[in-house]
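Undergrad: predicted coordinates and the sequence they were generated for:
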Amino acid sequence: MAKASTSVLDATSRPRRGFWRTTEAFLGRDWRTAWVFFAPTIVLLFLLDGWPFAQGLYMSFTHTIGSSLNIGPWVGLQNYLRLLQDADFLSALGLTVKFTFWAEMFKLTLGIIAALLIHNTKRYRSVMSALILLPWIVPGVVQALTWLALYDPVFGGLNAILGFFHLIPPGFAFLGSPSSALWAVIIVNVWAGIPFFTITQLAGLKSIDVELYDAAAVDGANSWHRFRHITMPGLRYTIIVAELLSWIWTMNNFQTIYLMTSGGPIDATRVVGILVYERAFNQLDFGSGVAMALFLLPVFGIGIWFLGSYLRADTKAGDADSSARLNFLSRVLWPIRWLLNLVLDAGEIGVSGIGRALRQSMGRSEEQPLVGSRGARAVLRGFAMAILLILLAFELLPFYWVIVTAFKTDPQIQSAQSLFWPSPWTLEQVKTLLTTTDFLIWFRNTLQVAVISAAIGVLASAAGAYALSRLRWRGSNLFSTLLLLTYMMPAVAMLIPLYQIMVYLHLVNTLQALEVAYPSFLIPFACWLLMSYYRSIPDELEEAAVIDGANRFQIFFRLILPLAKPALFAVSLFAVTGAWNEFFLAYVLLQSGNSLTLSVGMAQMVFGDVYPQGQMMAASLLMALPVLVFYSFAQRYMVEGLTAGSVKG
């Protein structure tokens, strides 16, 4: 009887083992564990990214107008075809391209220069890295309001500085003239974007073997030759990754421009994002608005497709298809590579020509150095330090302006006396802010939203990134690319369907709407950052843990997460800063004073041309202070986490 029962058990168990082996052969060795880890990520992305995107895409093919939540009749491609004849859209598209092109040119150039100067600085390197990163972590509303105050034609500090050197006429209105407004907002975007390029290129410089420079110097290569043929090729990976990400951010960015100019004057700064917002929420033409927002989606999709291939190359997730895409990309981008080589060749010719002219004027031969080695080093160090100090001054000037203005009295601000130093120092602006506004309520609401949304987003990202980077299962490459695709989605395109979803769920004018929505903005970027860091952890550690009897969950919580602490700090700070920073979704969803966040509340303190500069600078200081304090404690981990995986190998 026992033998019979045993045979029955064996017979019933064999098919089950065969089934699991078959599924593992088809779906991957770790597919069951992977889906457990990836489930929170896919749920959040489907509900708050996938479904709104699908609804928005469908809406772009309909005639949806008015305040009703019902989607209008199907009109096919009419919304998209009308855009080709829409003068407002074509003008906004041209401004967006111009804004993005010049902002990216300056950010990349100045970021590389700052990274080279900091990398070659022996003392205070970590301090300079921390200082130059500050503009990137400050909330966007603080950036906009600070530069709005600096640009003020009467009370602004920029007029005083440039006027002192007779570079501009007195009372020059940077944001009031159509010819200068776009360049003024480009400067703000460059100011906020230089830190990202600096940190990523610093990581790239650290990965270049120093022996290459020594060997080139022995062969007679000068500084320019070493930069041209060693530094630039060594930075290729970080430049491509940083540039593609920054390009997407800049194309989608319109919050700062809206807060500073609202698209004016005379539509001189009305980029596509602002026009979409006006068309959808002011004119209530949601179908046309979404079509406008999605018009450039194919371009973003191609860029993200190649970015995903580039990031996956030479990793576990890399495959033959990724290599084929990279080869195709190298052929497509040959004009850019040719133009870059042309610029570098021109630079090399220029440097050689200047050196030759100086030698002739000094009566030296081609083999003789211009100056002695010690003198040359001193001159170069002095010149490099001067440029670095100018860059640091540019990055830190707005912070100084916020601090000194926040401690001035209204008469001192209005008299424009002692612009750069309070006389006397006073807390009048802080007292007025706390007693006449709901600032403390806004602060409490923002803190609640930031903590809850960050906790949800970081936990889901940590688990999802582990599934995509460390486990073997079919679909990991596809979902990795989809993560980047969701990240490049225009925020304004998601704004319209998200608003409708929150109305259906009766979450409008509640903080819960933001607590649920914000993690979906964080997860794509956080997953990719954590994936890069996870891949840097040696596989042998996991294999040893498996031999010791640990399962995947024990490995994740006891091994991977402790080792990934720097990346987790970086993601956490990014999550908190993102929630602290976000404006438009909160602006659309929150209406009453008791539910406003800091960004919306501070924006409502500005009434037309009435700008209470003292209170706004005090509010900006108090809003930025928590992020700066958090950053000061986590700075070492955050820089390490941000640069993790940004270099190959």
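TA: Happy to help now that I have it. Computed from a prediction, not measured in an experiment: that's the story for all the values here.
Undergrad: for the closest residue to Phe26 other than its chain neighbours, give me the pLDDT.
TA: Spatial nearest neighbour of Phe26, excluding adjacent residues (CB to CB, 6 or more residues apart in numbering): Arg474 at 7.0 Å. No exception for glycine: its C-beta is placed from N, CA and C like everyone else's. Per-residue confidence (pLDDT) for Arg474: 83.
Undergrad: contact partners for Arg474?
TA: Applying CB atoms under 8 Å, 6 or more residues apart in numbering, we find Arg474 in contact with Phe26, Leu27, Gly28, Trp31.
Undergrad: cool, and Leu131?
TA: Leu392, Glu395, Leu396.
Undergrad: count the neighbours of the first one for me.
TA: I take that to be Leu392. Using other CB atoms under 10 Å, the number of residues around Leu392 comes to 16.
Undergrad: that one reaches Ala130, doesn't it?
TA: No - using CB atoms under 8 Å, Leu392 makes no contact with Ala130, being 11.1 Å away.
Undergrad: any shared contact partners between the two?
TA: With contacts defined as CB under 8 Å, 6+ apart, no residue is shared by Leu392 and Ala130.
Undergrad: thinking again about what came up before, the contacts of Leu131 in helices, which ones?
TA: Within the contacts of Leu131, residues falling in helices by DSSP state H are Leu392, Glu395, Leu396.
Undergrad: list just the nearest of these to Pro170.
TA: Using CB to CB, the shortest approach to Pro170 within the ones in helices among the contacts of Leu131 belongs to Leu396, at 25.6 Å.
Undergrad: need the pLDDT of the closest one.
TA: If you check Leu396, the pLDDT there is 92.
Undergrad: ends of stretch 423-434, how far apart?
TA: Stretch 423-434 has an end-to-end distance of 22 Å (CA to CA, to the nearest Å).
Undergrad: pull out the buried residues from that stretch.
TA: Residues of stretch 423-434 classed as buried under the neighbour-count rule (16 or more other CB atoms under 10 Å) are Glu428, Gln429, Val430, Leu433, Leu434.
Undergrad: switch the residues you listed over to a markdown table; also include distance to Arg123.
TA: A markdown table is the format used below for the buried residues of stretch 423-434 (distance: CB to CB, whole Å):
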| residue | distance to Arg123 |
| --- | --- |
| Glu428 | 40 |
| Gln429 | 37 |
| Val430 | 36 |
| Leu433 | 40 |
| Leu434 | 41 |
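Undergrad: still on that earlier bit, out of the ones in helices among the contacts of Leu131, flag the one nearest to Val458.
TA: Using CB to CB, those come closest to Val458 at Glu395, 27.9 Å.
Undergrad: now the helices for the stretch 101-250 of the chain?
TA: Shown for the stretch 101-250 of the chain, the helices assigned by DSSP state H, counting those that start in this stretch span residues 125-137, 140-150, 157-164, 178-206, 210-218, 223-226, 232-234, 236-252.
Undergrad: now, of those, which is deepest in the fold?
TA: Highest mean neighbour count of these: helix 140-150, a mean of 24 (counted as mean count of other CB atoms under 10 Å).
Undergrad: list the contacts of it.
TA: The contact list for helix 140-150 (CB under 8 Å, 6+ apart) reads 135, 155-158, 175, 184, 187-188, 191-192, 255-256, 259-260, 397-399, 401-402, 405, 581, 583, 598-599, 602-603, 606, 611, 613, 616-617, 619-620, 623-624.
Undergrad: follow-up on the earlier one: by neighbours, which of the contacts of Arg474 wins?
TA: Neighbour counts for these, by other CB under 10 Å, peak at Trp31, which reaches 20 neighbours.
Undergrad: need the three-state assignment for the nearest residue to that residue once chain neighbours are set aside.
TA: Nearest residue to Trp31, sequence neighbours excluded (CB to CB, 6+ apart): Trp473, at 4.0 Å. With DSSP: H, G, I helix; E, B strand; the rest coil as the basis, Trp473 sits in coil.
Undergrad: state the phi and psi torsions of Trp473.
TA: According to degrees, to the nearest 10, the main-chain angles of Trp473 amount to phi -160, psi 150.
Undergrad: test my guess that it contacts Val36.
TA: No - counting by CB under 8 Å, Trp473 does not reach Val36; the two are 11.0 Å apart.
Undergrad: between the two, point out the one with more neighbours.
TA: Taking other CB under 10 Å, Trp473 and Val36 do not tie; Trp473 has more neighbours (20 against 15).
Undergrad: so who does that one touch?
TA: Leu27, Gly28, Arg29, Asp30, Trp31, Ala34, Trp35, Ala467 are the contacts of Trp473 under CB under 8 Å, 6+ apart.
Undergrad: ok, the first one to Ile65 distance?
TA: Which is Leu27. Relative to Ile65, Leu27 is positioned 46 Å away (CB to CB, to the nearest Å).
Undergrad: tell me the pLDDT of Ala233.
TA: To be clear, residue 233 is Pro; Ala isn't right here. pLDDT recorded at Pro233 is 82.
Undergrad: with the one 10 residues further on instead?
TA: Glu243 carries a pLDDT value of 83.
Undergrad: same thing with Pro265?
TA: Looking at Pro265, its pLDDT stands at 89.
Undergrad: just give the nearest non-adjacent residue to it, would you?
TA: Once flanking residues are discounted, Pro265 sits nearest to Pro178: 5.5 Å by CB to CB, 6+ apart.
Undergrad: residue contacts, the one you found?
TA: Pro265, Ile266, Ala268.
Undergrad: who wins on neighbours among these?
TA: Ala268 leads the contacts of Pro178 on contacts (other CB under 10 Å) with 21 neighbours.
Undergrad: surely that one forms part of a strand?
TA: No - applying three-state DSSP, one finds Ala268 to be coil, outside a strand.
Undergrad: what sits against Gly50?
TA: Residues counted as contacts of Gly50 (CB under 8 Å, 6+ apart) are Thr486.
Undergrad: same question for Leu507.
TA: Shown in contact with Leu507 (CB under 8 Å, 6+ apart): Ala513, Val516, Leu589.
Undergrad: chain neighbours aside, what residue packs nearest to the first one?
TA: Distance criterion CB to CB, 6+ apart; nearest residue to Ala513, sequence neighbours excluded, is Leu507 at 4.0 Å.
Undergrad: how about the secondary structure of that neighbour?
TA: Using three-state DSSP, the structure places Leu507 in coil.
Undergrad: going forward, count from 53.
TA: Let's use 53 as the start, then, which means that last one is Leu559.
Undergrad: from Tyr570, how far off is it?
TA: 13 Å.
Undergrad: overlap of the contact sets of those two?
TA: By CB under 8 Å, 6+ apart, Leu559 and Tyr570 have no common neighbours.
Undergrad: neighbours of the residue nearest to Arg610 when sequence neighbours are not counted, just the number please.
TA: The shortest distance from Arg610 to any non-neighbouring residue, by CB to CB, 6+ apart, is to Ala602 (7.3 Å). The number of residues packed near Ala602 is 16, by other CB under 10 Å.
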